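In: Could you work out the structure for the sequence below:
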Amino acid sequence: MLSTHPPDVSQAFFTCHMKKTHAPAAKAASPRIPLKSLKVFEAAARHLSFKKAADELCVTPAAVSHQLSQLESQLGVQLFVRVSQGIQLTHAARASLPKLQEGLACLRESVELMARKASYATLSVAASPSFATQWLLPRLHRFTLDHPGSDVHVTTRMGPFLGERGGRQSVRDARVWAAEADVVLMFNTGSYPELHIEELMALTITPICSPGWLQQHPLSSDPASWQDVRLLHDDRGTLYGVRSFWSLWLEAARLTAVDADTGAHFTHAILALGAAQEGIGIVATTPALVRRQLAEGQFVQPFPLEVPLPSGYHIICNDAAYRRDDVAAFRAWLHEEVRRDAALGVVVPDACPMP
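Out: Have a look, this model is predicted:
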C-alpha cells in the first residue's frame, strides 16, 4: 500500500490515454466503496497520520492501515506515500479529499436533521381562517413553550356553503378534513358520525365596535339611536344555516324596528372585525374570538346581552389521532385557553344603557 516514491503519474495517464485511444470500451461500473473506508481515509488524510486517525476513530493503527489498503485495492489508486516526516497524499488523494469531506459533512447534517425531526412529533391542525387568525395563532406560543417536543402545523380552510340559505359542512367533507389533519377546529353543530367530537366553546353573538366609533355613535335601547348606524355583517350565521347574526341579536334586544338587512356583508369574521376596528361600523359577531382584544380595549362591547347560537366551535379527530398523546395534550390545552378567556369577563361601557 505504501511506497517510498511518488507514483509515476505520467505513465498512469499515458496508459489510460492509450486504452481510450485504441480500445474504447464500455464504461465500467463504479466500485461500491464502504462508507467506513471513506471515513478512515478522510481522517488519515486530514491528520496525515494513521495513529491520530486511529485515535479519533477508536481503532488500532493496524486497522486503519488495513482499511486503507482495501480502499486502494478497490479503487485501483494509491492514496498515500511514505516520506521522512511521515506520510503524504498522492495527487489523486489530494484532488478527491475536499469533495469527500463535503459529502461526509452533508451526510452528518442529514443524519442530525433526521434525529431532530424524529424527536419532534408533528401535530397538524386545520381551522377556519378567522378562528386561526383571531383566536388560535395569538396564543399558540403558550402550547409550544409547554410542549417543546411538538411541532405544530396549522392550515386554514373553509367548509362548503350548502342549501338556499347556506348550511354546515357535509359529513363527507368533515371526514376528509379529519383524515388530512390530526385536529380539526370547526364551526358547526357537532354532529358527525364516526368521528370523535367535543365542544370547544359554545358561542354567543353581540355587537362589537371600536372605542372611537362608539364615542361618535352613542347607542341605547331607543331605536332612534340606531338611525344612520352602519351595520357590518359577519355572514357565518346565514352561510352555515343559522340566521343573520344581526336579526338574531336585534330581535332578542327588542330592537326589531332597526333594519337588520342594511350594511356591508363579509364571509369571514376576521374581515368584518377588521372593518369594525377601522371604525367603519359595528358588527354583530361572536365575542369569543376577540376576548383578549376586548380586555385590552381594542374593541368594546356596548351591551351585555349575548344571544346563544345553536352552533359552536368543536374539536374533531379521527380515531387514530384521538388516541395520540400529543393530540390529547393539545385538546387539553385548547380547553384551558377557553377557561383563560372566560376569566377575562365582560366590560360594558357605562354610556350604553342595556337594551
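In: Need the pLDDT of K27.
Out: Per-residue pLDDT puts K27 at 51.
In: Each with direction, which strands does the longest strand along the chain pair with?
Out: Ranked by residue count and defined by DSSP state E, the top strand of the chain is strand 196-208. Note on strand 196-208: by DSSP bridges, its sheet partners are strand 282-285 (antiparallel), strand 307-317 (antiparallel).
In: Show me how far the next helix or strand after that strand is from its chain's centre.
Out: Downstream of strand 196-208, the next assigned helix or strand under DSSP states H and E is helix 211-216. Relative to the centre of its chain, helix 211-216 is centred 38 Å away, using CA atoms, centre = their mean, to the nearest Å.
In: In this structure A126 contacts V176, no?
Out: No. Contact criterion CB atoms under 8 Å: A126 and V176 do not qualify, at 10.1 Å. C-beta here means a position set from N, CA and C on the backbone, and glycine is covered the same way.
In: So for those two, which residue has more residues nearby?
Out: A126 (20 against 14; other CB atoms under 10 Å).
In: So T122 versus E337, what's the distance?
Out: Look at T122 and E337: by CB to CB, to the nearest Å, they are 21 Å apart.
In: no, scratch that, I was asking about A224
Out: From A224 to E337 the distance is 41 Å (CB to CB).
In: Show me which of those two is the more surrounded one.
Out: E337 (18 against 8).
In: any idea how far that one lies from F143?
Out: Distance of E337 to F143, given as CB to CB: 8 Å.
In: Now F266. Its backbone dihedrals?
Out: Here the main-chain torsion angles of F266 (degrees, to the nearest 10) amount to phi -130, psi 130.
In: so how many other residues sit close to the spatially closest residue to it that is not a sequence neighbour?
Out: Nearest non-adjacent residue to F266, counting by CB to CB, 6 or more residues apart in numbering: A272, 4.0 Å away. Neighbour count for A272, taken as other CB under 10 Å: 27.
In: And A272, which helix or strand is it part of?
Out: Going by DSSP H and E, A272 is part of helix 269-277.
In: other SSEs contacting that helix?
Out: Helix 269-277 sits against helix 129-131, strand 231-234, strand 264-266, strand 282-285, with contacts defined as 3 or more CB pairs under 8 Å, 6 or more residues apart in numbering; DSSP states H and E.
In: Can you list the buried residues in stretch 36-43?
Out: Within stretch 36-43, the residues that count as buried by 16 or more other CB atoms under 10 Å are S37, L38, K39, V40, F41, E42, A43.
In: Can I get it in CSV, CA atoms only?
Out: The C-alpha trace of stretch 36-43 is given here as CSV (Å, rounded to 0.1, in the frame of the first residue of the first chain):
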residue,chain,number,x,y,z
LYS,A,36,-16.4,3.1,6.7
SER,A,37,-13.4,3.0,4.4
LEU,A,38,-14.0,6.5,3.2
LYS,A,39,-14.3,7.8,6.8
VAL,A,40,-11.0,6.2,7.6
PHE,A,41,-9.3,7.7,4.6
GLU,A,42,-10.7,11.2,5.4
ALA,A,43,-9.4,11.0,9.0
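In: how's the protein carved up into domains?
Out: 9-118, 122-342 (automatic domain parsing).
In: which stretch in these has the least confidence?
Out: Averaging pLDDT over each of these singles out domain 9-118 as the lowest, with a mean of 78.
In: so how far is it off the chain centroid?
Out: Using CA atoms, centre = their mean, the offset of domain 9-118 from its chain centre is 42 Å.
In: hmm, back to that, winner for burial among the domains of the chain?
Out: Among the domains of the chain, the stretch with the highest mean neighbour count (mean count of other CB atoms under 10 Å) is domain 122-342, at a mean of 18.
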